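**Student:** Give the three-dimensional model of this entry:
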Amino acid sequence: MNNLGLIFFYGGRTMYELISLTNKTYYINSPSKVGLFKINDKEIYLIDSGNDKDAARKIDKHIKENDWTLKGIINTHSNADHVGGNKMLQARHDCEIISTSIENSFTKHPVLEPSFLYGGYPFKAIRNKFIMVEASNPTSDIETAGIIGLSYIKLPGHFFDMIGIITDDKVAFLGDSLFSEEIINKYHIFFIYDIKAYIETLNMLDGLEADIYVPSHCEPTKNIKSLIKANRNKIDEIVNYILLFCENPRLFEDILQYIFSVYSLKMDANQYILVGSTSRSYLSYMSDENLLTYEFSDSKMYWKKI
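**Tutor:** Now for the predicted structure:
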């Protein structure tokens, strides 16, 4: 290995620095952390690939400096900030791209993401690199990949069929199953596709044993109990706010406006579809849990507390 000035996770960091967690497991410090696992002295797998071509170039620099062979990229899920480097890295290394079947479909056909978020054909402003990346070519399903030294766990909730990756030296890469308290306190509404599944994933993580946990948008840690509590508490808070507002029948757009107002969020096209989609997920969850009901009047749909 070249002298990269590797540092352990409790030391100082710079953006896109390669940081050692164990003698064969690393992460690349970036807005969405990228895992790196050595299956032997020469060959590596990445866990996610960053958000764009620039991230891919910086990741590739580490690969070249260490004379590694990139065998594959395992995507925890298909959001743009996790698969944005796929295309360039696959073109340069002819590597595998691996995830679950549904996440692979979004990676291969990225127009699916803005389409489902918006609920129709996406207008130009939301066909951007933060929502819709360049397509890459998934090669394998994680269920049949059989990579020595790595196992996977299901982490549904944030997205359709997100996974986490566990190394045989007990490092757990957890994708977007947990968000940092800084993100929660700043943005409040973090994207969730399925609220009930997300809560069940939090409950599962409460019993998950590992030496080091690496959520994509948090600092690596040896204990995730406080993160689990913070994420769970924010969900409860949002549910209670919606119940309070829906004492009287409310249209969806009024509920969305209320959420933006409560948390002092700024509306733009991306936030409209991301917070809007998540808000609909809360309404679905609360309907299924018999907290809300809905009614139709004058060709409008109203939500109301039960």
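**Student:** all helices for this protein, in order.
**Tutor:** Along the chain, the stretches classed as helices by DSSP state H are 53-65, 80-83, 86-93, 101-108, 112-118, 142-145, 181-187, 195-205, 225-245, 252-262, 269-288.
**Student:** now the ones you listed in a markdown table, with mean neighbour count?
**Tutor:** In short, each C-beta sits where N, CA and C put it, glycine included. Listed next are these as a markdown table, based on neighbours: other Cβ atoms under 10 Å:
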| stretch | mean neighbour count |
| --- | --- |
| helix 53-65 | 17 |
| helix 80-83 | 26 |
| helix 86-93 | 20 |
| helix 101-108 | 20 |
| helix 112-118 | 19 |
| helix 142-145 | 14 |
| helix 181-187 | 14 |
| helix 195-205 | 19 |
| helix 225-245 | 16 |
| helix 252-262 | 16 |
| helix 269-288 | 18 |
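**Student:** May I have the predicted confidence score for the spatially closest residue to G72 that is not a sequence neighbour?
**Tutor:** Leaving aside its chain neighbours, G72 sits nearest to E96 (3.3 Å; criterion: Cβ to Cβ, 6 or more residues apart in numbering). pLDDT for E96: 98.
**Student:** what's the answer for R13, then?
**Tutor:** Per-residue pLDDT puts R13 at 76.
**Student:** Now the closest residue to it other than its chain neighbours: phi and psi?
**Tutor:** Spatial nearest neighbour of R13, chain neighbours left out: N29 (4.8 Å); criterion: Cβ to Cβ, 6+ apart. Main-chain torsions, N29, degrees, to the nearest 10: phi -70, psi 110.
**Student:** contacting residues for M132?
**Tutor:** A80, P110, V111, E113, P114, P122, I126 (Cβ atoms under 8 Å, 6 or more residues apart in numbering).
**Student:** Verify the contact between the third one and P122 for me.
**Tutor:** This means V111. Yes. Here V111 reaches P122: they are 7.1 Å apart, a contact under Cβ atoms under 8 Å.
**Student:** and the residue most central in space within the chain, what is it in contact with?
**Tutor:** Computing the C-alpha centroid of the chain and ranking residues by Cα atoms, centre = their mean puts D176 first, at 3.3 Å. Counting by Cβ under 8 Å, 6+ apart, D176 makes contact with T76, H77, N79, H82, H158, F159, M162, F191, P215, S216, H217.
**Student:** In strands, which of these fall?
**Tutor:** Using DSSP state E, no member of the contacts of D176 sits in strands.
**Student:** Can you turn the buried part of the residues you listed into a PyMOL selection?
**Tutor:** Filtering the contacts of D176 down to the buried ones (16 or more other Cβ atoms under 10 Å) takes a single PyMOL command:
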select buried, resi 76+77+79+82+158+159+162+191+215+216+217
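**Student:** Of the contacts of D176, which is the nearest to G146?
**Tutor:** Nearest to G146 out of the contacts of D176 is T76 (Cβ to Cβ; 17.9 Å).
**Student:** give the contact list for the closest one.
**Tutor:** By Cβ under 8 Å, 6+ apart, the contact set of T76 is 47-48, 82, 99, 155, 162-165, 173-176, 216.
**Student:** what does Y263 give?
**Tutor:** Applying Cβ under 8 Å, 6+ apart to Y263 gives the contacts Y187, H188, I189.
**Student:** Let me know the pLDDT of the first one.
**Tutor:** To tie it back to what came earlier, the one meant is Y187. Per-residue pLDDT puts Y187 at 94.
**Student:** Identify the residues contacting it.
**Tutor:** Y187 touches Y263, L265, counting by Cβ under 8 Å, 6+ apart.
**Student:** likewise the last one?
**Tutor:** Contacts for I189 (Cβ under 8 Å, 6+ apart) come out as I238, I259, Y263, L265, V275, T278, S279.
**Student:** change it to 10 Å
**Tutor:** Residues near I189 by Cβ atoms under 10 Å, 6 or more residues apart in numbering: 234, 238, 259-260, 262-263, 265, 271, 274-276, 278-279, 282.
**Student:** for these, which one is nearest I39?
**Tutor:** L274 (35.8 Å).
**Student:** ok so, going back, mind checking how far the residue nearest to R13 is from A80?
**Tutor:** Counting by Cβ to Cβ, to the nearest Å, the separation of N29 from A80 is 19 Å.
**Student:** give me every residue that touches the closest residue to L18 other than its chain neighbours.
**Tutor:** Of all residues not flanking L18 in the chain, H62 sits nearest, at 4.8 Å (Cβ to Cβ, 6+ apart). By Cβ under 10 Å, 6+ apart, the residues touching H62 are N2, L4, Y16, E17, L18, Y26, I28, V34, L36, I44, L46, W68.
**Student:** How confident is the prediction for the first one, by pLDDT?
**Tutor:** Looking at N2, its pLDDT reads 34.
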